[in-house]
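[1] Sequence below, structure please.
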Amino acid sequence: MTRVVTALMLVLMLAPIVLVVWMSFTPQAYFVLPITSFSLRWYREAVSYPGFIAGFTLSAELAALAGLTAVACAFLAAYGLTRYPLPGKAALLGFFTSPLLVPAVVFGIAMLQFVNRIGLYNRLIGLVLAHVVVVTPYAIRTLHTALAAVPEEMEWAAMALGAPRLRMLVRITVPLCARGLITAFLFCFLLSFSEVTMTIFMTGPALQTLPIRIYSYMSDRIDPMVAAVSSLVVLVSLLVVFALTLVEGLRRGLR
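    Predicted coordinates:
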């Protein structure tokens with residue numbers, strides 16, 4: 001019974017994705033099933049469409065900046081929660097992960113009001129800050145687990161031999177939890193790259209990520225180019241998942 005339920009869940013989750021990818025190869029100017037012939041027409045259209053190219057570049061830049069910033073902040077927060085006997089540690093961890101409890105629409109409206117007041121609306125820095133708040137809880141969860149697996153005795157030994165805490169962090173702690181850092185960054189990158197609900201409140205005509213470009217394009221017309229772009233986004237997600245798997249395989253190989 002469990003296998004049947006699992007198989008049914010997989011079908012329900014993967015069927016829409018498979019259907020979109022399948023329809024992206026149609027040579028027709030409209031969606032049609034079944035497809036009698038395959039063509040890369042709409043992929044050529046997608047990679048030559050200026051709006052999608054600009055949106056992809058912006059999404060990749062935004063995801064990279066948000067991921068790096070979130071991992072840096074999350075590492076410091078997770079290290080303090082893991083290594084120091086702070087009062088109310090559980091409450092602090094709950095506070096750092098509280099953005100997960102806020103609906104994306106509510107958070108988007110609140111962040112819009114905030115960045116508008118400080119003059120960062122429709123600017124990349126404001127969008128980066130908003131994405132950092134959204135993805136940091138995931139990075140903290142990942143790094144909190146990674147740091148808990150690092151033997152604290154090795155840090156004590158390094159400092160006992162005269163290494164300052166900063167050098168100890170760079171030479172001992174960071175290499176030992178490198179897999180957690182890479183995993184947290186890739187996870188944050190993927191979440192930021194595909195985020196649309198909150199981002200739609202934060203962007204204007206001059207600053208539109210790829211998901212917002214797709215949404216705007218579909219507001220005017222719907223053709224298989226949307227399916228082709230969506231398939232490319234799925235490909236990016238699969239590459240990130242493959243990178244996570246590669247990191248895990250590298251860790252096992254080193255062991």
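
[2] Mind giving me the packing neighbours of the helix or strand containing residue 229?
    In this assignment (DSSP states H and E), residue 229 forms part of helix 224-254. In this structure, helix 224-254 makes packing contacts with helix 2-23, helix 41-48, helix 178-194, helix 210-220, judged by 3 or more Cβ pairs under 8 Å, 6 or more residues apart in numbering; DSSP states H and E. (C-beta placed from N, C-alpha, C; glycine too.)

[3] so which of those comes closest to residue 35?
    helix 2-23 (6.6 Å; Cβ to Cβ).

[4] Can you give me every residue that contacts residue 188?
    Taking Cβ atoms under 8 Å, 6 or more residues apart in numbering as the criterion, residue 188 is in contact with 63, 66, 67, 70, 71, 135, 136, 138, 139.

[5] returning to that earlier point: rounded mean pLDDT for the helix holding residue 229, please.
    Across helix 224-254, the average pLDDT comes to 75.

[6] returning to that earlier point: I'd like to know which of the contacts of residue 188 are buried.
    Using 16 or more other Cβ atoms under 10 Å as the burial test, the contacts of residue 188 include 63, 66, 67, 70, 71, 135, 136, 138, 139 as buried.

[7] which residues touch residue 173?
    So residue 173 contacts 79, 147, 150, 155 (Cβ under 8 Å, 6+ apart).

[8] change it to 10 Å
    75, 79, 83, 146, 147, 150, 152, 154, 155, 158, 165 (Cβ atoms under 10 Å, 6 or more residues apart in numbering).

[9] Sketch out the low-pLDDT regions of the protein for me.
    Across the chain, the ranges flagged by pLDDT under 70 are 247-255.

[10] tell me the residue furthest from the middle of it?
    No residue in the chain sits farther from the centre than residue 161, which is 39.3 Å out by Cα atoms, centre = their mean.

[11] Can you verify my assumption that residue 79 contacts residue 168?
    No - the pair residue 79 / residue 168 is not scored as a contact, 11.3 Å apart, by Cβ atoms under 10 Å.

[12] Quick check: closest non-adjacent residue to residue 32.
    residue 26 (6.0 Å; Cβ to Cβ, 6 or more residues apart in numbering).

[13] Quick check: residue 188 vs residue 224, distance?
    31 Å (Cβ to Cβ, to the nearest Å).

[14] How about residue 149?
    From residue 149 to residue 224 the distance is 47 Å (Cβ to Cβ).
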